[in-house]
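*Asks:* I would like the atomic coordinates for the input below:
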Amino acid sequence: MKRSGKPNVTSRFSRCTGDYFKETAIPLAWELVTKGFGMPPDRLRATVHPSDDAAFEIWTTKTAIRAEHVTRDGTNWWGLGRGPCGPDSEIWWDRGREAGCGQPDCYPDHCARFTEFWNLVLPQYDQRGDLSGPPTTAESINRGIADGALVPLAKPAIDTGMGLERISFILQGKSNVFESDVLAPLVEFVREHSKKPTTLSERIIADHVRAITFCIADGVVPTNEGRGYVLRRLIRRAALHGRNIALSARLSAGAQRTVAMFREHYPELKDRERFITQTIDTETERFARTLEQGMEQFEKVASRGASAVSGADAFRLHDTFGFPLELTRELRSATDPGGRLLTAGR
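*Replies:* Model (predicted):
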């Protein structure tokens, strides 16, 4: 939720264990993007971990990518400190020199020129101890293998993630995911019904309304715990941004547009449209009452001119007026982009 609204933050994942490994996964990925999607090889780049000589060799001998277009990157490592872990290999799209820093020798992850749209995560070790250093260098990984901190898995895995919206905007010739056909109509909906639109709020509302629609269609309803609480936060955050930009339409109207966009592929959306809109309307009305009760008190706190809302004030807003901590944080950010929320009570 914190990152939604940024240009290209979305992912899809699938996993395969033991059937095949990087020697098959990398050529299959290359075949899909170049032959299936028709992406020009000269505009594609790959990154591998500095320790992953095998992946580098596969890229440079089993695909048509040029060796100088394969970069070793220390951030290409996945792990949680214990358990399955390993290198990953990313595929990037070159948006052109004019989209980035302008340097002719630019490389992935250096600037906005390159967009990562596919990540082949390659868990091939079981981490059983601490590494001698950060897992960003070949030396650290090789030492971990030698001292037993990293033990090769009997069946290494492929955990591959491709962003649906990212590949959409690339193939459609757009500059970011919010211009792709799976989000642009929702951005347009917000803009059409806003008296003072901002790019950030348009994107957050578009992203959240789509997520809200699918969540409710799957049977999730707003509650104070678990996935229901996540849904409640999504609805209330979208409603708050709608308030900030004077959105005249209901969020449920955005859900109706979402249903119209996706009902051919997800017929259950049309079947449950009435329940979806009723659930959204009920929650936004409840939230409106919360805002009405607490906004006067929040404005008193904000009018003091302090650079931060104290933990004590945040607790009182929550305990007396039902303001969740994240709501106070959102409101503080909206009224003063440089303001902070202190979680310590003082």
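*Asks:* Glu31: neighbouring residues, count only.
*Replies:* 12 (other C-beta atoms under 10 Å). For every residue, glycine as well, the C-beta is placed using N, CA and C.
*Asks:* wait, I meant Asp147
*Replies:* Neighbours of Asp147 under the rule other C-beta under 10 Å: 12.
*Asks:* what do you get for the one 5 residues further on?
*Replies:* Pro152 has 10 neighbours, counted by other C-beta under 10 Å.
*Asks:* Provide a list of residues in contact with it.
*Replies:* The neighbourhood of Pro152, defined by C-beta atoms under 8 Å, 6 or more residues apart in numbering, consists of Gln124, Tyr125, Asp126, Ile145.
*Asks:* Now do the phi/psi pair for it.
*Replies:* Main-chain torsions, Pro152, degrees, to the nearest 10: phi -60, psi 140.
*Asks:* Quick check: it vs Ile145, distance?
*Replies:* 8 Å (C-beta to C-beta, to the nearest Å).
*Asks:* joint contacts of the two?
*Replies:* Tyr125.
*Asks:* still on that earlier bit, and which of the contacts of Pro152 is nearest Gly83?
*Replies:* Nearest to Gly83 among the contacts of Pro152 is Asp126, at 6.5 Å by C-beta to C-beta.
*Asks:* Mind giving me the packing neighbours of the helix or strand where that closest one lies?
*Replies:* Secondary structure from DSSP states H and E places Asp126 in strand 125-127. With contacts taken as 3 or more C-beta pairs under 8 Å, 6 or more residues apart in numbering; DSSP states H and E, strand 125-127 sits against strand 83-94, helix 138-147, strand 150-152.
*Asks:* and these, which is most packed in?
*Replies:* strand 83-94 (a mean of 22; mean count of other C-beta atoms under 10 Å).
*Asks:* Between helix 138-147 and that one, find me the angle.
*Replies:* 160 degrees (axes from the mean of the first three to the mean of the last three C-alpha atoms, to 10 degrees).
*Asks:* What pairs with strand 83-94, parallel or antiparallel?
*Replies:* strand 44-48 (antiparallel), strand 77-78 (antiparallel), strand 114-121 (antiparallel), strand 125-127 (antiparallel) (DSSP bridges).
*Asks:* Show me where the chain dips below the pLDDT cut-off.
*Replies:* In the predicted model of the chain, residues 1-18, 305-308, 322, 324, 330-346 satisfy pLDDT under 70.
*Asks:* Now with 90, please.
*Replies:* Under the criterion pLDDT under 90, the flagged ranges of the chain are 1-20, 102-105, 109, 159-164, 224, 240, 243-244, 287-346.
*Asks:* so what are the domain limits for it?
*Replies:* 13-171, 183-341 (automatic domain parsing).
*Asks:* Make JSON lines out of the helices and strands packed on strand 125-127 and add distance to Trp118.
*Replies:* Output for the helices and strands packed on strand 125-127, formatted as JSON lines (distance: least, C-beta to C-beta, whole Å):
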{"stretch": "strand 83-94", "distance to Trp118": "4"}
{"stretch": "helix 138-147", "distance to Trp118": "23"}
{"stretch": "strand 150-152", "distance to Trp118": "25"}
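*Asks:* The ones you listed: which one's closest to Asp218?
*Replies:* Closest to Asp218 of the helices and strands packed on strand 125-127, according to C-beta to C-beta: strand 83-94, at 28.5 Å.
*Asks:* Can I get that closest one in CSV? Just the C-alpha atoms.
*Replies:* Taking Å, rounded to 0.1, in the frame of the first residue of the first chain, the C-alpha atoms of strand 83-94 are listed here in CSV:
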residue,chain,number,x,y,z
GLY,A,83,16.2,-21.2,4.7
PRO,A,84,15.9,-21.2,0.9
CYS,A,85,17.8,-18.5,-0.8
GLY,A,86,19.8,-17.8,-4.0
PRO,A,87,20.6,-15.5,-6.9
ASP,A,88,18.1,-14.1,-9.2
SER,A,89,18.2,-12.9,-12.8
GLU,A,90,16.2,-9.9,-14.0
ILE,A,91,15.1,-8.9,-17.5
TRP,A,92,15.0,-5.2,-18.3
TRP,A,93,13.5,-3.1,-21.1
ASP,A,94,15.5,-0.2,-22.5
